[in-house]
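> Got a predicted structure plus its sequence, pasted below:
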Amino acid sequence: MQQISTALLSYGMSGKIFHAPFLELHPGFELVGAWERSKKLINDDFPMVRSYPTLEAVLKDPQVELVIVNTPTETHFEYAKAALEAGKHVLVEKAFTTTVAEAEELYELAQEKNLKLAVFQNRRYDSDFRTVKDIFDKDILGDIVEAEFHFDRFNPNLSPKAHKEVRTGGSGVLKDLGPHIIDQAMFLFGFPECLFADIRVTRENSVVDDWFDITLFYKKFRVRLKSSYFVREPLPSYVIHGTKGSFIKSRGDVQEDELKTGKKPMVTDWGKEPDFRKGVLHTEIEGLEVREHVPTLPGNYYYFFDDLYQAIKKHKAVPVSAEDGIKTMRIIEAAIESSSEKKIIQFQSVQVS
């Protein structure tokens, strides 16, 4: 298998937890190094790879074929643009960029250079969401009437990561946790006709948004997306009601927690939720009322990287496209406008550019 030589643009939590273990696991990738500014940590885990002193050193390395932009959101546009201009394929973490204009410029540049540009929406590969999508795809709830997705935490303290608590174009929960559930909603339901949003600051001494409530308007149903840092008793993360029945599922994916403990991912026997987190399906099937606990499908971020490999080496579609990233940024920008002006925002077009 021809390998893709890959460089990370940082080796903090995301590089160590979400990327390096799967690059190591997948036979189609070779981790060649990471840009490290002050702390030099990657060689503790991967003694044979490079610790690049600068971004320029990464981009000038002819071995590097794929660059993973896993730095703070406000840097995504600058670094992704530089990598594309250097002729590298690029994977960008969420939020894709800070503005729609930036997202569209990256898309156009990747098209011009004939390079792959993808967004790391790994939560599509979570066990809980995979199960929700499976139920949705089976069309056993009838016509959708409403859905509600939550990504909540109980964390009233400010983050020790300074860049998360300084008001910038990339800070705040709307651009941190928001892209996950916005992307998931559109992956299931498509792009909405309009939206209404309320965005707040609720933590003491916080200067960045830490609460949002967004309603996406579709022709025949509504989808509500919520996030808060003051949810000590979790609500179901996924609730879908249709004309025949309902499906309710808690957030239960175990991958992040297991990776943080140092567990190595596997292709199989990985990402299995405990049985007590099964979702509840209450619907009508072939005229009979059914209420049952549904086994959760396993989650595995390995398959994101496998899909990315197929895109780069086999010319298939990337797992989460720049076009998807642009649509998510349109929702975010519209939500900010809606909350500021206290009005419904109507979308005129869903064209990429």
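Now that the structure is in, tell me what you want to look at.

> counting contacts, what elements does the strand or helix carrying T283 pack onto?
Using DSSP states H and E, T283 sits within strand 279-285. In this structure, strand 279-285 packs against helix 127-137, strand 246-249, strand 288-294, with contacts taken as 3 or more Cβ pairs under 8 Å, 6 or more residues apart in numbering; DSSP states H and E. C-beta coordinates here come from the backbone N, C-alpha and C atoms, glycine included.

> Show me the one of those that comes nearest S340.
Nearest to S340 among those is helix 127-137; the distance by Cβ to Cβ comes to 29.9 Å.

> Past that closest one, which element shows up next along the chain?
strand 144-150.

> Centre of the chain to the strand holding T283, how far?
How far strand 279-285 lies from its chain's middle: 28 Å, per Cα atoms, centre = their mean, to the nearest Å.

> Please apply the same query to stretch 68-79.
14 Å.

> mind listing what's buried in it?
Neighbour counts over stretch 68-79 (16 or more other Cβ atoms under 10 Å) mark I68, V69, N70, T71, P72, T73, E74, T75, H76, F77, Y79 as buried.

> residue ranges of the strands in the stretch 101-250 of the chain, please?
Per DSSP state E, counting those that start in this stretch, the stretch 101-250 of the chain carries strands over the ranges 117-120, 144-150, 194-200, 211-217, 222-228, 238-242, 246-249.

> just so I know, which of the ones you listed lies nearest K343?
strand 194-200 (7.6 Å).

> Now do the closest one against strand 211-217, angle only.
170 degrees (axes from the mean of the first three to the mean of the last three Cα atoms, to 10 degrees).

> Give me the average confidence score over strand 194-200.
Averaged across strand 194-200, pLDDT comes to 98.

> now it and strand 222-228, what's the angle there?
20 degrees.

> Which elements pack onto strand 194-200?
If contacts are counted by 3+ Cβ pairs under 8 Å, 6+ apart, strand 194-200 sits against strand 211-217, helix 322-341, strand 345-346.

> For K161, which of the ones you listed is the nearest?
strand 211-217 (18.9 Å).

> Grab the CA positions of the closest one and hand them over as CSV.
C-alpha atoms of strand 211-217 as CSV (Å, rounded to 0.1, in the frame of the first residue of the first chain):
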residue,chain,number,x,y,z
TRP,A,211,-24.3,28.8,25.4
PHE,A,212,-26.4,28.6,22.2
ASP,A,213,-29.8,27.6,21.0
ILE,A,214,-30.3,27.4,17.3
THR,A,215,-33.5,26.4,15.5
LEU,A,216,-33.1,25.2,11.9
PHE,A,217,-36.3,25.6,9.8
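
> That strand vs strand 144-150, what angle?
Using the same axes, to 10 degrees: strand 211-217 against strand 144-150 is 160 degrees.

> Now do stretch 230-238: everything it contacts.
Where contact means Cβ atoms under 8 Å, 6 or more residues apart in numbering, the residues beyond stretch 230-238 that reach it are 128-129, 132, 147-154, 156, 202-203, 211, 247-251, 279.

> about what we covered before: report the buried residues of the strand holding T283.
Neighbour-count burial for strand 279-285 [16+ other Cβ under 10 Å]: G279, L281, T283.

> To what extent is the closest residue to S127 other than its chain neighbours buried, counted in neighbours?
Leaving aside its chain neighbours, S127 sits nearest to G299 (3.5 Å; criterion: Cβ to Cβ, 6 or more residues apart in numbering). Close neighbours of G299, defined as other Cβ atoms under 10 Å, add up to 26.

> Contact partners for G299?
Contacts of G299 (Cβ under 8 Å, 6+ apart): Y125, D126, S127, D128, F129, R130, D253, V254, Q255, G271, E273.

> switch to 6 Å and redo it
By Cβ atoms under 6 Å, 6 or more residues apart in numbering, the contact set of G299 is Y125, D126, S127, R130, D253, Q255, G271.

> list the contacts for the residue most central in space within the chain?
The centroid of the chain falls nearest to Q121 when counting by Cα atoms, centre = their mean (2.8 Å). Q121 makes contact with D183, V320, according to Cβ under 6 Å, 6+ apart.

> Okay, V49 and A20: tell me how far apart.
Distance of V49 to A20, given as Cβ to Cβ, to the nearest Å: 9 Å.

> Which of the two has more residues huddled nearby?
A20 (23 against 18).

> would that one count as being in a strand?
No - secondary structure assignment (DSSP: H, G, I helix; E, B strand; the rest coil) places A20 in helix, not in a strand.

> Name the nearest residue to it, sequence neighbours excluded.
L31 (6.0 Å).

> Are we agreed that the one you found is in a helix?
No - read with three-state DSSP, L31 is strand and lies in no helix.

> Any idea how many residues pack against it?
L31 - counted by other Cβ under 10 Å - has 25 other residues nearby.

> ok, S159 - contacts?
Here S159 is in contact with E165 (Cβ under 6 Å, 6+ apart).

> Can you tell me how far it is from D257?
18 Å.

> Over to L31?
23 Å.

> T99 now?
With Cβ to Cβ as the criterion, T99 and D257 are 33 Å apart.
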